[in-house]
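> no FASTA, just this:
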Ligand code: NAD
């Protein structure tokens, strides 16, 4: 078998891998990107993008149903799940096709096939046409992502006991959906299906859903989801789902009060993801893994093996598409001989519940646990004219700043946490603020256009220093 030689090879075409390949192409490196399924990875095919399409549709249904407060009465709202899926699949197809085109247009070759290491610089790829060997002279970037964790008692069959992959393609809609795991996926998809008319139950092991977030951010979301019909069972371990004679499921739960059974038609298990490092013969490369199976990397995304790099989920938390893309750029730049390194001071995250949650930097709880001398400013959307005008007044913006400088008179922004309308877009201003080491005074002094939701950022910053205009200061 002859070996084809490249400067760089990217293993995996998700938001980490395809961005790395594009950047390598831009930097004039002879590049190959290898993908075994469809370009775009989890994010484009069954994660971020399809779920956001469904969320938009579900939020529209909810909005229309409650438009009577604005004097608009809509009757006979019906959801055609086949058409909804068709619309969503069209978006996915457009984007995944676009990724292929972008890679090629930037000079990166795309190879469809499944790759395994045969040594630290060579991969064997099984393609539909047979096996090929490919070698990289400067670097191989592992960008193989992650997959849903399975739990005992819940055997995935792709139809009634499913992961989020099938969870974004439910057609027809089930009558009853039980979701195991009140994490990000459970909360996002639970919100979608309840608005589309499905009876949703979310089972969470921890005392609260979205347990890693500060409680005050989660409260408005749980309140809104409860109002739209979602049933929460917390502090509860899901034990098993057993198929009944009529095709339905009986889900057994271990609640603090004892065993409880819940009837369901579909059970979606969303209890976390695990790295895809076990099917690529990684041991042949000599790369060290951590105890959860992530490839261990440094600030330049290098593993312990000189020419092997890793990015995205397979290289560890946070499991976020934009973190993977950023690491893809960094690894590509390092391979091309440029100076580039990871700096996660400002890594934003967004949860697309309704209202949305978005954050960057330390939470108030984390800052207090670290013993930092902080000021906190908070502004509710209920006091925003624009939020009222779009009938989205749940939630608030919270700015956390550390007292710094001479006499501790300055206030450096160390975290911004938002629950409310368009939080996922609003957070970018805060990410820029953290990236630039901005002070609360910078955000407060910046003129924000009126009437916009972004004014809540300015008001929260002003509130931190006792200068809020549209709410009382302490
Ligand atoms: P997660 O880690 O966010 O949540 C899983 C939840 O399941 C946890 O709260 C855990 O306590 C609970 N759990 C575990 N075992 C259980 C059991 N037996 N019974 C009941 N509850 C149990 O995981 P996820 O929601 O599957 O998401 C996977 C990853 O994908 C996360 O890392 C997330 O960051 C990422 N993701 C991000 C976004 C986004 O950025 N908007 C969207 C979707 C997913």
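Perfect, thanks for sending it. What you see is a predicted model; the values in this text were computed from it and never measured.

> Smallest gap between the stretch 101-250 of the chain and the ligand, at which residue?
Proximity of the stretch 101-250 of the chain to the ligand (CB to the nearest ligand atom) peaks at residue 183, 1.7 Å away. Every C-beta, even on glycine, is put in place using the N, C-alpha and C of the backbone.

> mind listing what the closest residue to that residue other than its chain neighbours touches?
In space, and not counting its chain neighbours, residue 183 is closest to residue 270: 6.2 Å by CB to CB, 6 or more residues apart in numbering. Contacts of residue 270 were listed using CB atoms under 8 Å, 6 or more residues apart in numbering, and they are 148, 163-164, 167, 179-181, 183, 185-186, 189.

> Most neighbours out of the residues you listed, which is it?
Using other CB atoms under 10 Å as the neighbour definition, the contacts of residue 270 reach their maximum at residue 179, which records 28 neighbours.

> Let me know whether the helix or strand it falls within sits next to the ligand.
Assessed by DSSP states H and E, residue 179 sits inside strand 176-180. Yes: Strand 176-180 reaches the ligand (CB under 6 Å from any ligand atom) through residue 180.

> Same question for stretch 430-444.
No: counting by CB under 6 Å from any ligand atom, no contacts exist between stretch 430-444 and the ligand, the nearest distance being 13.9 Å.

> cool, stretch 49-57 as well?
No: on the criterion CB under 6 Å from any ligand atom, stretch 49-57 is out of touch with the ligand, staying 6.9 Å away.

> Neighbours of the residue nearest to residue 438 when sequence neighbours are not counted, how many?
Counting by CB to CB, 6+ apart, residue 438 lies nearest to residue 413, which is 5.5 Å off, once chain neighbours are set aside. Using other CB under 10 Å, residue 413 has 27 other residues around it.

> distance of residue 413 from the ligand?
Distance, residue 413 to the ligand, by CB to the nearest ligand atom, to the nearest Å: 22 Å.

> bridging residues for that residue?
Beta-bridge pairing of residue 413, defined through DSSP bridges, involves residue 401.

> Going by neighbour count, list what's buried in the strand of greatest length in the chain.
Among the elements of the chain assigned as strand by DSSP state E, the one spanning the most residues is strand 130-142. When neighbours are counted by 16 or more other CB atoms under 10 Å, the buried residues of strand 130-142 are found to be 132, 134-136, 138-142.

> Which neighbours in the sheet does it have, and how are they oriented?
Strands that pair with strand 130-142, judged by DSSP bridges, come out as strand 3-11 (parallel), strand 122-127 (antiparallel), strand 308-310 (parallel).

> for it, the distance to its chain's centre please.
Taking the mean of its C-alpha atoms, strand 130-142 sits 29 Å from the chain's own mean (CA atoms, centre = their mean, to the nearest Å).

> do the helix or strand just after it and the ligand meet?
Scanning the chain past strand 130-142 towards its C-terminal end, the next helix or strand to appear is strand 146-148 (assignment: DSSP H and E). No: under the criterion of CB under 6 Å from any ligand atom, the ligand is not reached by strand 146-148; the shortest gap measures 6.6 Å.

> Just the mean pLDDT for the helix or strand following strand 146-148, thanks.
Once the chain leaves strand 146-148, the next helix or strand it forms, by DSSP H and E, is strand 161-162. Averaged across strand 161-162, the pLDDT comes to 98.

> ok, longest helix in the chain?
Across the chain, the longest stretch assigned as helix under DSSP state H is helix 81-105.

> In terms of secondary structure, what does it contact?
Contacts defined by 3 or more CB pairs under 8 Å, 6 or more residues apart in numbering; DSSP states H and E place helix 81-105 against helix 17-26, helix 41-45, helix 48-65, strand 108-112.

> Quick check: residue 240 touching residue 154?
Yes: the pair residue 240 and residue 154 qualifies as a contact (CB atoms under 8 Å) at a distance of 6.8 Å.

> Comparing those two, which residue is more hemmed in?
For residue 240 and residue 154, the more surrounded residue by other CB under 10 Å is residue 154, and the numbers stand at 22 against 16.

> Count the residues that sit near residue 250.
By other CB under 10 Å, 14 other residues sit near residue 250.

> Identify the residue spatially nearest to the residue of the stretch 301-450 of the chain found nearest the ligand, adjacent ones excluded.
Of the residues in the stretch 301-450 of the chain, the one nearest the ligand is residue 319, at a distance of 3.6 Å by CB to the nearest ligand atom. The spatial neighbour of residue 319 that comes closest, neighbours along the chain excluded (CB to CB, 6+ apart), is residue 313 at 4.8 Å.

> and if you look at residue 99?
With sequence-adjacent residues excluded and distances taken as CB to CB, 6+ apart, residue 99 is closest to residue 39, at 4.5 Å.

> A strand includes the one you found, no?
No: judged by DSSP: H, G, I helix; E, B strand; the rest coil, residue 39 forms no part of a strand; its state is coil.

> residues contacting it?
Under the criterion of CB under 8 Å, 6+ apart, the neighbours of residue 39 are 13, 18, 33, 96, 99-100, 103, 110.

> And the furthest pair within those residues?
33 and 96 (13.2 Å; CB to CB).

> just curious, which of the contacts of residue 270 is nearest to residue 443?
Checking the contacts of residue 270 against residue 443 by CB to CB gives residue 183 as the nearest, at 30.3 Å.

> how close does the closest one get to residue 55?
Counting by CB to CB, to the nearest Å, the gap between residue 183 and residue 55 amounts to 16 Å.

> about what we covered before: hang on, isn't the residue nearest to residue 438 packed against residue 432?
No: under the contact definition of CB under 8 Å, residue 413 does not touch residue 432, with a separation of 10.2 Å.

> which neighbours do these two share?
residue 438.

> Quick check: chain neighbours aside, which residue is closest to the residue most central in space within the chain?
Nearest residue to the geometric centre of the chain (CA atoms, centre = their mean): residue 320, 4.7 Å. When the adjacent residues along the chain are set aside, residue 320 lies closest to residue 349, with 6.1 Å between them (CB to CB, 6+ apart).

> Could you report the neighbour count for that neighbour?
Number of residues near residue 349 (other CB under 10 Å) recorded here: 18.

> Any idea what it is bridged to?
Beta-bridge partners for residue 349, by DSSP bridges, are residue 359.

> so who does it touch?
With contact taken as CB under 8 Å, 6+ apart, residue 349 is in contact with 318, 320, 358-360.

> What average pLDDT does stretch 417-435 get?
Over the span of stretch 417-435, the pLDDT mean works out to 98.

> Okay, buried residues for that stretch please.
With the criterion 16+ other CB under 10 Å, stretch 417-435 contains buried residues 417-424, 426-427, 429-431, 433-434.
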